[in-house]
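Engineer: Need coordinates for the below:
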Amino acid sequence: MLQSSTLKVYGMTCVLCSFTIESTLEKIEGIKKVNAYYTTEKVKFEYDDSKVDLNQIKKKIELLGFSPNDNETLEIQINHGEFQRKKLKNQVIISAILSFPLFLAMVLAGVGFCHDNIDPFSTTKLGAFIEILRYKALVLHNWKLQLICATPVQFIIGFRFYKSSFFAIKAKRATMDLLVALGTTVAYFYSLYISLFETNAYVFGMKNIYFEASATIITLVLLGKYLELIAKGRTSKAIETLIQNKPKMAKVLIEGVENDIPIDDVAIGDIIIVRPGEKIPVDGVIIEGFSTIDESMITGESIPVEKREHDFVVGASINKLGTFKFRATKVGNETVFANIIKLVEEAQESKAPVEKIADKVSTYFIPMVLIISILTFIIWFVFIYDGQFFLLDKAIINAVAVLVVSCPCALGLATPTAIMVGMGKGAQRGILIKDGEKLEKASKTNVVVFDKTGTLTTGMPEVIDFILLNKEKGIKDKDSFIKLASIVEKKSEHPLGVSIYKFGKEKLGSQVEDPDFFEAVPGKGVRTFVHGKLVLAGTKKFLVENSIDLGSFEEGEFSKEGINSSVLIAVDNLLIGAILLRDKIKKNSKGVVSELQKMGIEVYMLTGDNLKTANYVANELGIKNVLAEVLPENKALEIANLRKAGRVVVMVGDGINDAPALANADIGFAIGSGTDAAIETSDIVILQEDLFALTLAIKLAKKTMRKIKQNLFWAFIYNLIGIPIAATGHLNPVVGAATMALSSISVLLNSLSLKRFKA
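Structural biologist: Okay, here's the model as predicted:
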């Protein structure tokens with residue numbers, strides 16, 4: 001049976017480690033769809049448990065030199081990451097302390113201070129100071145002191161490079177650590193050979209050794225990795241922020257007594273009390289009390305929302321004012337908050353199509369660098385220096401410079417870091433992007449198709465007018481008609497009935513009495529008795545079925561532009577009037593349509609409503625392209641027709657009724673629901689009602705893709721320039737190591753600049 005699994009894997013030191021894991025696991029029979037992520041240190045795969053079990057897979061990963069774990073919570077993973085950062089920081093400090101004297105000796109020798117022709121009888125203070133510096137430099141350049149300092153850096157602090165290289169070679173893969181291990185080892189043992197055999201001296205009588213190169217390279221590479229870890233941690237800050245805001249305890253009523261229990265022990269059906277300033281622990285429905293709640297952690301919307309009895313509350317949101325009780329409906333991993341964490345985490349681990357370019361290049365990068373390094377040594381030593389042994393060190397150092405200046409890490413980090421930051425930024429603003437592929441597609445959007453009801457409009461009809469009919473036999477004034485309609489619809493749960501009741505209550509400014517009898521007829525209307533009279537309210541068909549004489553009545557005679565619903569009312573078999581309703585346009589809809597058009601995006605409206613109603617809404621919003629009277633099953637077909645023209649189509653709907661269309665679009669947006677159905681159906685979920693979040697999401701996608709392209713450009717350019725400079729003997733290995741570290745850091749910092757995104 002096919003199973004899915006995710007392992008947290010510690011020990012990845014560069015992006016090529018993820019390729020090593022992927023290529024190794026792909027060779028195991030029974031394993032499919034392997035994806036390893038250096039940025040999150042995770043491996044996801046599918047496997048047939050009849051052919052291979054999870055323990056075998058773990059052991060295979062361990063044989064590669066990594067540590068897999070499948071039972072760690074996100075909190076534990078974050079703590080482990082902090083521990084690793086501190087450990088690496090200490091290694092960098094120790095390595096820097098040991099390397100500094102060697103580096104200083106190299107600098108002083110380079111400016112002519114390091115020689116043994118010292119004048120101890122200099123008559124000036126400046127002269128005496130210079131002579132002291134020369135003496136100190138001479139001491140620092142003593143090969144025994146340098147050997148003592150360089151050895152622990154090379155073989156204790158630098159052991160991680162040997163370990164990683166050993167397992168990589170065993171897996172028949174080359175990694176960045178292999179380049180560092182080769183380069184520093186060659187420099188170290190060449191220096192040791194020169195020191196022991198008293199050969200190849202400077203003109204000043206000092207040995208031409210390179211202990212400072214091997215030690216300083218390791219220090220700089222570790223410093224780069226430490227800074228990379230810090231930056232990488234910041235790219236996943238969105239996840240950490242979400243987790244830190246997760247409530248830990250809940251006040252649960254048990255047999256009428258309030259008890260503080262861990263959130264993990266809360267069960268569905270528990271009654272929970274929330275007081276002002278407290279976080280709501282899980283999802284549920286208010287059963288007593290009311291309050292205003294800050295849902296910004298979930299929706300990104302800063303304005304608190306009023307909540308009353310029967311309203312849904314979301315875990316991790318903050319209660320601002322009142323005290324209330326609610327019944328838990330979703331707990332643990334089923335809450336909206338838990339789903340958001342899961343969705344953001346999975347999205348940040350996804351790969352955009354553009355990433356495949358960097359992945360492919362990185363795979364062949366190390367072998368190419370090794371070949372170039374060997375050729376560099378051969379060309380310099382054999383052809384340029386004619387095999388003269390006293391110039392051997394020059395050829396070696398040029399070859400070492402090629403090894404340490406090369407940086408596939410910058411290529412590997414270019415895409416995933418930008419995606420992580422971009423998606424994290426989106427999550428903070430209530431925009432959940434499911435994967436990198438959808439992010440890339442969203443950046444290319446040129447057509448946006450809106451569902452009308454519930455997206456451009458509120459989905460809640462508003463009363464436009466009351467029409468009185470048969471005044472001579474029925475009700476003669478509108479106030480009496482409004483009062484009757486309100487009584488009839490008071491107990492109705494249908495959106496039209498609710499709107500009529502609310503309108504009447506507000507219009508009359510008084511309490512509305514209950515009908516003597518109430519019966520709802522699904523899909524048709526209601527049957528009631530008011531003051532002993534039979535009152536029917538509903539569709540024309542409903543009244544005809546109940547033998548109501550409509551006479552010469554035609555709905556078209558009084559229909560107004562944009563009206564999409566009408567409710568007819570009859571008293572004792574006499575039609576007395578009609579109520580006209582219209583779906584209200586959301587306040588930001590017009591502004592969003594205008595903004596999209598300014599961005600060069602074509603806007604369509606897709607609806608099942610009649611053409612007259614659809615055109616009214618479209619004209620109000622400035623939409624020129626209207627697809628009306630489209631059945632739900634045909635909406636997906638309309639989307640497919642737009643895509644056939646080569647357009648990148650975004651469909652915006654509620655994530656439930658528009659599922660086929662959302663699935664058929666290049667990118668499906670669900671607006672303002674945050675429900676399970678929306679998360680499952682759409683590619684991008686907007687957890688707030690403000691439609692401007694749609695334009696924000698598209699702009700964020702475009703900005704993220706720009707950052708990715710910038711990262712890839714600089715990563716490629718760095719290597720294209722750095723390797724030739726090193727191969728031609730114009731780059732010191734120490735400088736090469738520093739620039740190698742800076743290349744990865746620059747890519748990370750460029751990605752992190754997305755955190756300033758505000759559009």
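Engineer: so the residue nearest to the spatial centre of the chain, which of the three states?
Structural biologist: In the chain, the centroid-proximal residue (C-alpha atoms, centre = their mean) is residue 423; its distance is 2.4 Å. When classified by DSSP: H, G, I helix; E, B strand; the rest coil, residue 423 comes out as helix.
Engineer: That one touches residue 434, doesn't it?
Structural biologist: No: counting by C-beta atoms under 8 Å, residue 423 does not reach residue 434; the two are 9.1 Å apart. Where you see a C-beta, it was placed from the backbone N, CA and C, and this is true even at glycine.
Engineer: one step back: against residue 399, how distant is the residue nearest to the centre of the chain?
Structural biologist: 41 Å (C-beta to C-beta, to the nearest Å).
Engineer: Likewise for residue 24?
Structural biologist: Distance of residue 24 to residue 399, computed by C-beta to C-beta: 29 Å.
Engineer: Flag every buried residue along stretch 485-500.
Structural biologist: Neighbour counts using 16 or more other C-beta atoms under 10 Å place 485-490, 492, 494, 496-497, 499-500 of stretch 485-500 among the buried residues.
Engineer: Now residue 573. Its backbone dihedrals?
Structural biologist: Phi and psi for residue 573, reported as degrees, to the nearest 10, are phi 70, psi 10.
Engineer: Number of residues surrounding it?
Structural biologist: Residue 573 has 12 neighbours, counted by other C-beta atoms under 10 Å.
Engineer: Apart from its neighbours in sequence, what residue is nearest it?
Structural biologist: Leaving aside its sequence neighbours, residue 573 sits nearest to residue 548 (C-beta to C-beta, 6 or more residues apart in numbering; 5.8 Å).
Engineer: How far off centre is the helix or strand containing residue 260?
Structural biologist: Residue 260 belongs to strand 257-262 when assigned by DSSP states H and E. Counting by C-alpha atoms, centre = their mean, to the nearest Å, strand 257-262 is centred 35 Å from the centre of its parent chain.
Engineer: What of stretch 624-638?
Structural biologist: Here the centre of stretch 624-638 is set off from its chain's centre by 32 Å, with C-alpha atoms, centre = their mean.
Engineer: contacts for that stretch?
Structural biologist: With C-beta atoms under 8 Å, 6 or more residues apart in numbering as the contact definition, stretch 624-638 has outside contacts at 449, 451, 602-611, 613-615, 618, 657-658, 660-661, 663-664.
Engineer: With stretch 447-458 instead?
Structural biologist: Outside stretch 447-458, the residues that touch it by C-beta under 8 Å, 6+ apart are 459, 583-586, 589, 596, 601-607, 609, 614, 617, 621, 623, 627, 635, 638-639, 642, 647-654, 657-658, 661, 665, 671, 691, 694.
Engineer: do that again at 7 Å, thanks
Structural biologist: For stretch 447-458, contacts defined as C-beta atoms under 7 Å, 6 or more residues apart in numbering pick out 459, 583-586, 589, 596, 601-607, 609, 614, 617, 621, 639, 642, 647-654, 658, 671.
Engineer: coming back round to it: could you list every residue that touches the residue nearest to residue 573?
Structural biologist: Residue 548 neighbours (C-beta under 7 Å, 6+ apart): 536, 570, 573, 575.
Engineer: Could you pull up phi and psi at it?
Structural biologist: When read as degrees, to the nearest 10, the backbone of residue 548 gives phi -80, psi 130.
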